[in-house]
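**Student:** Could you work out the structure for the sequence below:
(one chain, ligands or ions: 1)
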Amino acid sequence: MDKSLRKPVIAGNWKMNNTPEQTKALIEQMKPLVADADCDVVLCVPYIDLYAAMEAAAGSNIKIGAENCHWAEKGAFTGEVSAQMLKAAGVPYVIIGHSERRQYFGETDVTVRNRVRAALDAGLKVILCVGEVLSERKLGITSQIVSAQTEIALAGVSEEELANVIIAYEPVWAIGTGETATPEQANEVCAIIRALIARLYGKDAADRFVIQYGGSMNDGNAAELLAQYDVDGGLIGGASLVAEKFAKIVEAASK
Ligand code: PGA
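**Tutor:** As a prediction, this is how the structure comes out:
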């Protein structure tokens with residue numbers, strides 16, 4: 001197998017940070033720093049910042065994404081935004097199933113699956129997040145949890161559609177905590193996900209499939225994590241809010 005079949009993807013997840021004005025300033029700062037990237041660079045930003053982000057990133061190698069989308073095309077869902085709306089606004093990427101959505105906003109494996117379906121139907125590229133909480137890791141059921149989350153989210157997704165899906169393996173205990181999975185731990189679970197993709201879609205699809213690690217990835221630990229065979233990029237929270245830090249991670253992925 002050849003890791004070079006896969007182009008790494010470094011994606012920032014800004015979460016609930018930055019006003020439109022701050023968005024413009026941060027992307028202007030980032031653009032020259034990531035211009036030579038030999039990986040895909042994505043910034044997922046709050047809905048209110050999408051236009052400012054796309055305007056600032058226009059003509060650069062930075063692609064913009066949203067942090068969620070609803071499963072219905074339109075209707076009485078106060079506060080939600082549909083995948084169709086994102087597509088119409090020119091947004092290419094969307095994060096779905098982030099653990100903060102699952103933890104704080106009642107997302108289930110089935111609602112995640114429905115959002116993935118809607119995003120793919122709308123023609124968006126999906127960054128699907130999966131990952132175990134600490135108690136699950138301690139129980140030794142990480143593999144079962146991550147496999148179930150993955151298999152449910154992909155229910156009904158065809159091999160052709162899979163080309164528009166990336167999975168971000170994000171151990172919940174490592175998100176925003178400063179505690180990172182070891183490179184071995186990250187690789188082990190990414191390999192489990194790849195084996196599942198091979199079982200569901202065949203070996204060729206699995207060899208081409210991009211699997212990111214996320215959870216306190218930063219400019220200091222990125223190189224080691226990204227060097228792992230099954231880790232093809234990163235979903236970056238905190239460090240994506242600082243241009244120099246994010247650019248160093250992009251640089252590490254470009255080697
Ligand atoms: P973190 O967040 O890098 O701040 O740990 C990662 C994420 O939630 O995607």
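**Student:** For the closest residue in space to residue 101 that isn't next to it in sequence, give its distance to the ligand.
**Tutor:** In space, and not counting its chain neighbours, residue 101 is closest to residue 107: 4.3 Å by Cβ to Cβ, 6 or more residues apart in numbering. C-betas here are computed from N, CA, C, even on glycine. Distance, residue 107 to the ligand, using Cβ to the nearest ligand atom, to the nearest Å: 14 Å.
**Student:** same check, this time on residue 56
**Tutor:** Residue 56 is 21 Å from the ligand, by Cβ to the nearest ligand atom.
**Student:** Tell me which residue in the stretch 101-250 of the chain sits closest to the ligand.
**Tutor:** residue 237 (2.2 Å; Cβ to the nearest ligand atom).
**Student:** Okay, that residue and residue 31: tell me how far apart.
**Tutor:** 21 Å (Cβ to Cβ, to the nearest Å).
**Student:** residue with max distance from the center of the protein?
**Tutor:** Distance to the chain centre peaks in the chain at residue 76, reaching 27.8 Å (criterion: Cα atoms, centre = their mean).
**Student:** How about the contacts made by the residue nearest the centre of the chain?
**Tutor:** The residue lying closest to the centre of the chain (Cα atoms, centre = their mean) is residue 127, at 3.9 Å. For residue 127, the contact set (Cβ atoms under 8 Å, 6 or more residues apart in numbering) comprises 11, 42, 44, 65, 93-96, 166-168, 212, 235.
**Student:** anything in stretch 193-211 near the ligand?
**Tutor:** No. Stretch 193-211 does not reach the ligand (Cβ under 6 Å from any ligand atom); its nearest approach is 14.0 Å.
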